[in-house]
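Asker: Can you look at this prediction? I've put the sequence above it.
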Amino acid sequence: MDIEASREAVGIPTPATADFWWARLRREAEGVAAREPVLAALVQSTVLDQSSLEDALSHRLASRIAGVLPADALRAVLREAFGVEALRRALRFDLAALIDRDPASDAALDAVLYFKGFHALEAHRVAHHLWRTERRDLALYLSDRVAEVFQVEIHPAVPIGSGTFIDHATGISIGASAEIGDNVSMLQGVVLGEAEEPVPGGRRHPRVGHGVLIGAGAKLLGPIEIGHCSRIGAGSVVTRSVPPNTTVAGVPARIVGHAGCAEPSRAMDQMVFDVGL
Ligand SMILES: CC(C)(COP(=O)(O)OP(=O)(O)OC[C@H]1O[C@@H](n2cnc3c(N)ncnc32)[C@H](O)[C@@H]1OP(=O)(O)O)[C@@H](O)C(=O)NCCC(=O)NCCS
């Protein structure tokens, strides 16, 4: 028996044979449909009538953020964007990050149906894709809808790495020249904004490295660098660059400790390695 056949035999999906996240989402949806009749129609139309994770998420997102556009038209845009390999991969890394780091849920279905941080992030990925492919009007429409429906404002120009976890999400504001690495976690009320005196023509917003945790309500201001695997305390105001592997907190933020990317998931700062792609 070769390695792929032996993985299949014990129920481990391989890239060639199965989509781990889609299979898991369907299983969870079947469970909800069986035990909660009031939600049966919702999980049927959103998940069980769909044919992939991307289709299910597009269906749900379109129903939440279409606004004055026909939901079908927006759903087609979302499906096409999620067909791009980079978005497809990022979606799975984000889902894995959420399941790993969210102490309140271990169901992929919760994310696809309800979690506004996840919905805002995935809609942003589509807006960013549209922005980069010169469909900037539609990108702006999408980011405006995300701001209105989820209270999460992210300029469509902002690149965000994969394995991102946005918890609670309300009140997040991320300016146009910010950049965010892989495996970043952030909570509600985080601002990546301009300082009072931006440098003319230069980057105006923070650049956040890989594996950074940004606590609730933290404000990061100006073209500063937040080093890999650092942590920013809840409620901090950060106006200076933070070295890698450093914890800062307070107003103004000061170094209060050492940080790392190999710590327990409760600290929300571990990396994601195996996402069942
Ligand atoms: C920054 C953080 C990651 C540090 O955690 P930690 O490494 O365990 O640090 P400690 O708790 O040992 O604190 C170290 C020092 O920093 C101080 N400190 C920690 N977080 C702080 C914060 N947000 N603001 C001000 N000071 C803070 C502590 O009082 C302590 O000070 P001391 O050495 O004078 O006693 C954590 O405190 C934090 O803010 N996490 C974000 C959580 C969050 O956003 N929760 C919202 C959920 S909805």
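Answerer: Sure, I can see it.
Asker: First-to-last residue distance for stretch 207-214?
Answerer: End-to-end span of stretch 207-214 (CA to CA, to the nearest Å): 13 Å.
Asker: where does the protein have low pLDDT?
Answerer: Low-confidence segments of the chain (pLDDT under 70): 1-18, 198, 262-277.
Asker: Around the ligand, pick out the residues from it.
Answerer: 168, 187, 215-216, 231, 233-236, 247, 249-250, 256-257 (CB under 6 Å from any ligand atom). Placement of C-beta: from N, CA and C, glycine included.
Asker: Need those in CSV (columns: secondary structure and distance to Gly222).
Answerer: Formatted as CSV, the residues of the chain next to the ligand follow (DSSP: H, G, I helix; E, B strand; the rest coil; distance: CB to CB, whole Å):
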residue, secondary structure, distance to Gly222
His168, coil, 25
Leu187, coil, 21
Gly215, coil, 19
Ala216, coil, 20
Arg231, strand, 19
Gly233, coil, 18
Ala234, coil, 20
Gly235, coil, 18
Ser236, coil, 14
Thr247, strand, 20
Ala249, strand, 18
Gly250, coil, 17
Val256, strand, 21
Gly257, strand, 23
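Asker: Now list the buried members of those.
Answerer: Neighbour counting with 16 or more other CB atoms under 10 Å marks 168, 187, 215-216, 231, 233, 236, 247, 249 as buried within those.
Asker: Which parts of the stretch 101-250 of the chain are helices?
Answerer: For the stretch 101-250 of the chain, applying DSSP state H, counting those that start in this stretch gives helices covering 108-113, 116-132, 136-150.
Asker: just how off-centre is the first one within its chain?
Answerer: It stands for helix 108-113. 13 Å (CA atoms, centre = their mean, to the nearest Å).
Asker: Now it - C-alpha only, PDB.
Answerer: The C-alpha trace of helix 108-113 is given here as PDB (Å, rounded to 0.1, in the frame of the first residue of the first chain):
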ATOM      1  CA  ALA A 108     -15.700  25.300  11.100                       C
ATOM      2  CA  LEU A 109     -19.400  25.700  10.500                       C
ATOM      3  CA  ASP A 110     -19.600  28.400  13.200                       C
ATOM      4  CA  ALA A 111     -17.000  30.400  11.300                       C
ATOM      5  CA  VAL A 112     -18.700  30.000   7.900                       C
ATOM      6  CA  LEU A 113     -22.200  30.800   9.200                       C
END
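Asker: packing partners for it?
Answerer: Other elements packing on helix 108-113 under the criterion 3 or more CB pairs under 8 Å, 6 or more residues apart in numbering; DSSP states H and E are helix 20-35, helix 37-43, helix 53-65, helix 85-101.
Asker: The longest one versus helix 116-132: what angle between them?
Answerer: Between the direction of helix 85-101 and that of helix 116-132, the angle (axes from the mean of the first three to the mean of the last three CA atoms, to 10 degrees) works out to 160 degrees.
Asker: Now distance to Leu109 too, for the residues of the chain next to the ligand, in a markdown table please.
Answerer: As requested, these are arranged in a markdown table below (distance: CB to CB, whole Å):
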| residue | distance to Leu109 |
| --- | --- |
| His168 | 19 |
| Leu187 | 22 |
| Gly215 | 28 |
| Ala216 | 25 |
| Arg231 | 30 |
| Gly233 | 33 |
| Ala234 | 29 |
| Gly235 | 33 |
| Ser236 | 34 |
| Thr247 | 34 |
| Ala249 | 35 |
| Gly250 | 39 |
| Val256 | 38 |
| Gly257 | 37 |
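Asker: Spatially, which two of these are the most separated?
Answerer: His168 and Gly257 (23.9 Å; CB to CB).
Asker: My guess is Ala253 contacts Ser230. True?
Answerer: No: in this structure, Ala253 is not within contact of Ser230 by CB atoms under 8 Å, at 10.6 Å.
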